[in-house]
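Chemist: predicted structure and sequence below. I'll ask about it afterward.
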Amino acid sequence: MSHSEVKTEILKYILDAKYGLLNYVRSDQSPISRTIGSFAPDGENLFFSTGKESSKVREIEKNNRVSFFFEHDNQAPESWKSLLLIGDAEPVSVGSAVYDTAVERLGAKSPRFRERIAKGDLANAVIYRIKTSELEYLNRSNGNTPLQKIAVREL
C-alpha cells in the first residue's frame with residue numbers, strides 16, 4: 001500500500017471514530033488517559049478541544065508531549081485496526097486562521113462541539129493542535145500484518 005493510500009485510510013479511520021483517548025503524563029509522572037469526543041484531523045495533525053479549567057490543560061502546559069489513540073468498537077480480530085498519533089499539543093490562538101479552521105473541522109466532526117458553537121460556549125474551551133511526529137497504525141484486515149510505525153515526514 002502506498003503512503004498516499006495509507007494516509008487516506010488513516011484519515012477515514014479518524015473520521016469514523018466516535019471517541020479517542022488522549023494520553024499525557026501528569027507532573028507526578030503518572031500516565032493518564034482521557035476520552036475525548038471533540039477531535040478532527042488536520043492532515044497528519046489533529047485538533048481536539050477540552051474545557052479551559054480541566055486538569056488536562058494544566059498538565060499539558062507543563063508537558064505538551066501527548067498521544068491520541070483510536071480504536072473502533074466491536075471489531076472482529078481478523079479485521080482489527082487501531083491508530084496512535086504521537087506529537088506535541090499546542091494551544092491554537094483565538095482569532096487566528098488556524099483557530100477558524102479548527103472550529104470548522106471540529107464542528108463538522110463532533111455533534112457536541114456543534115452544540116457548543118451554537119450556544120456561543122467556546123470561550124470556556126481550549127483548542128489544541130497535535131503536531132504529529134509519529135503514527136502507529138495496526139491494520140489486520142490485510143492479514144496478520146505487523147504494526148506500521150510511520151514517521152510523519154514519510155507521509
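Modeler: Here it is on my side, so go on. Residues are numbered from 1 along each chain as shown.
Chemist: what is the mean pLDDT for stretch 29-46?
Modeler: The average pLDDT within stretch 29-46 is 95.
Chemist: mind checking the end-to-end distance for that stretch?
Modeler: 24 Å (CA to CA, to the nearest Å).
Chemist: what about E61, which helix or strand?
Modeler: helix 55-62 (DSSP states H and E).
Chemist: after that helix comes which helix or strand?
Modeler: By DSSP H and E, the next helix or strand past helix 55-62 is strand 65-70.
Chemist: quick one: strands adjacent to whichever helix or strand comes after that next one?
Modeler: Downstream of strand 65-70, the next assigned helix or strand under DSSP H and E is strand 81-91. Applying DSSP bridges to the sheet, strand 81-91 is found paired with strand 65-70 (antiparallel), strand 125-139 (antiparallel).
Chemist: may I see the buried residues of the helix holding E61?
Modeler: If you call a residue buried by 16 or more other CB atoms under 10 Å, then helix 55-62 has these buried ones: K56, V57, E59, I60. Every C-beta, even on glycine, is put in place using the N, C-alpha and C of the backbone.
Chemist: over to stretch 105-117?
Modeler: R105, L106, G107, K109, S110, F113, R116.
Chemist: nearest to N139 among those residues?
Modeler: K109 (21.7 Å; CB to CB).
Chemist: quick one, grab the pLDDT at the closest one.
Modeler: 95.
Chemist: picking that back up, hmm, who's touching the helix holding E61?
Modeler: Outside helix 55-62, the residues that touch it by CB atoms under 8 Å, 6 or more residues apart in numbering are 22, 24-27, 32, 34, 50-51, 66, 89, 126, 128.
Chemist: what subset of those residues is buried?
Modeler: L22, Y24, T50, V66, A89, V126, Y128.
Chemist: my read: the second one touches I32, true?
Modeler: The reference is to Y24. Yes - Y24 lies in contact with I32 (CB atoms under 8 Å); the separation is 5.7 Å.
Chemist: quick revisit: averaging pLDDT over each of the strands paired with strand 81-91, which comes out lowest?
Modeler: Among the strands paired with strand 81-91, strand 125-139 carries the lowest mean pLDDT, at a mean of 92.
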